[in-house]
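In: quick one, structure for this:
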Amino acid sequence: MGKRFEGIIPPIVTPFKEDGGIDERLAAKEMEICINAGVHGLSVGGSTGEGPTLNDKELQLLIQLAKNHVNEGQPVVCGVMRTCTRDAVKAGLAAKEAGADIIMVTPPAYNVLVPNEEGMFDFYNTISKEVRLPVIIYNVIPQNTISPGLYKRLLEETEYVMGVKQSVGGVQALYAMKMASGNQGKIYAATDDMLFTCYDLGARGAISAILSVFPEQCVKMWDSFEAGNKELAFEIQNQLYPKWQCLGGNQFPIRLKYALKVLGREPGLCRSPITYLPENEKEKIRMAFGG
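Out: Take a look at the predicted model:
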């Protein structure tokens, strides 16, 4: 693992066209904006990028675009959001073939197919053995969360599981993961409105939607924290906090893309059926973002 998997790694939105295809030009523009802001890598195919709607070929396309934009030594992270082990392995191998440095794998999400902890160990262990790329557990599925104990076991007993992106449960869950794992593995923040707090609790970076909206501010927050200027880092968190309050929650990609439009960017469309944003929500975003 020669690349440094720390710092600000924004999950890039996937701009879609009217026909549902990926708009490569707009995707490249979003990647360029983030790289020019000084981020430390790029992530594609996660929740922000509407990963569950993407097939393996589309993931490969986005990886290749990201590889064309990152600087030397910066990682490309690819989301793997599949319902069964076989399909997750297949997507992971496709990501590896396209040049991804890390895969970020969600637990299966479909309620009636949620396994017990032994099944989840087998899920990640099989992916680790067959794909042979560093694996970040993307702990985002409320009905199928990876417990701190299972996370610790996966770090100790698999070759490639190297960290967790902790999305569910807020800062308390992140702290529980840190306490269980000690200095093993790396924890990445995903609580968008509490990034400074996550860093203070031991997160070694963030893969979080707000990074793709405000990359410069989020890089400045991280750099300030790393330099010991916690006062400035906390001030930046406080500045971003009210903006995230109108973006988070279910169907957040469509709110995120509308916010990017308000900021003068071109995020493209969301993929159906996430196609409708009520006018009252648009108004909240315009007020928060000064549009």
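In: just give the number of residues close to the closest residue to K67 other than its chain neighbours.
Out: Leaving aside its chain neighbours, K67 sits nearest to G99 (4.9 Å; criterion: Cβ to Cβ, 6 or more residues apart in numbering). Where you see a C-beta, it was placed from the backbone N, CA and C, and this is true even at glycine. The number of residues packed near G99 is 14, by other Cβ atoms under 10 Å.
In: do the same with F252
Out: Neighbour count of F252, defined by other Cβ under 10 Å: 17.
In: then the one 5 residues further on?
Out: By other Cβ under 10 Å, the residues close to K257 number 25.
In: and stretch 181-199, how far from the chain's centre?
Out: 12 Å (Cα atoms, centre = their mean, to the nearest Å).
In: likewise stretch 278-291?
Out: 24 Å.
In: name the residues of it that are buried.
Out: Going by neighbour count (16 or more other Cβ atoms under 10 Å), the buried part of stretch 278-291 is 281-282, 285, 288-289.
In: over to stretch 182-200?
Out: 185-199.
In: skipping its backbone neighbours, what lies nearest A176 in space?
Out: Looking at A176 with Cβ to Cβ, 6+ apart, the closest residue is P148, at 4.8 Å.
In: next: K178.
Out: In this structure, K178 finds its nearest non-sequential neighbour in G202, 4.3 Å apart by Cβ to Cβ, 6+ apart.
In: so which helix or strand takes in that neighbour?
Out: Remark: G202 resides in no helix or strand, with elements defined by DSSP states H and E.
In: so what's the residue nearest to A176 up against?
Out: Contact analysis of P148 by Cβ atoms under 8 Å, 6 or more residues apart in numbering lists 176-177, 179-181.
In: look up the pLDDT of G2 for me, please.
Out: Per-residue confidence (pLDDT) for G2: 52.
In: mind listing the helices for this structure?
Out: 24-36, 56-67, 85-98, 117-131, 148-157, 170-181, 195-200, 209-213, 215-226, 230-244, 252-262, 279-289 (DSSP state H).
In: thinking again about what came up before, measure the residue nearest to A176 to D200 for me?
Out: 19 Å (Cβ to Cβ, to the nearest Å).
In: could you do A91 as well?
Out: To D200, A91 is 34 Å away according to Cβ to Cβ.
In: between the buried residues of stretch 182-200, which sits nearest M81?
Out: Ranked by distance to M81 (Cβ to Cβ), these are led by A190 at 14.2 Å.
In: now do the contacts for the nearest residue to that closest one once chain neighbours are set aside.
Out: Of all residues not flanking A190 in the chain, S167 sits nearest, at 4.1 Å (Cβ to Cβ, 6+ apart). Applying Cβ under 8 Å, 6+ apart to S167 gives the contacts 47, 138-140, 190-191.
In: can we see that at 7 Å?
Out: 138-140, 190 (Cβ atoms under 7 Å, 6 or more residues apart in numbering).
In: so where is the stretch 1-150 of the chain shaky, pLDDT-wise?
Out: The stretch 1-150 of the chain contains residues with pLDDT under 70 at 1-2, 111-113.
In: if we can go back for a sec, for the buried residues of stretch 278-291, which one is nearest L61?
Out: Out of the buried residues of stretch 278-291, the member with the shortest distance to L61 (by Cβ to Cβ) is I285, at 28.9 Å.
In: that closest one and L256 touch, don't they?
Out: No: contact criterion Cβ atoms under 7 Å: I285 and L256 do not qualify, at 9.3 Å.
In: residues touching the residue nearest to K67, list them.
Out: Contacts of G99 (Cβ under 7 Å, 6+ apart): 63-64, 67, 76.
In: for it, give me phi and psi.
Out: When read as degrees, to the nearest 10, the backbone of G99 gives phi 110, psi 10.
In: contact partners for V76?
Out: V76 touches 41-42, 63, 66-67, 70, 99-101, counting by Cβ under 7 Å, 6+ apart.
In: ChimeraX command for the buried members of these?
Out: This is the ChimeraX syntax for the buried subset of these, where burial follows 16+ other Cβ under 10 Å:
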select :41,42,63,66,67,70,100,101
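In: switch the contacts of V76 over to a markdown table; also include distance to D23.
Out: Shown next, in a markdown table, are these (distance: Cβ to Cβ, whole Å):
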| residue | distance to D23 |
| --- | --- |
| G41 | 22 |
| L42 | 17 |
| I63 | 16 |
| A66 | 15 |
| K67 | 18 |
| V70 | 20 |
| G99 | 21 |
| A100 | 21 |
| D101 | 24 |
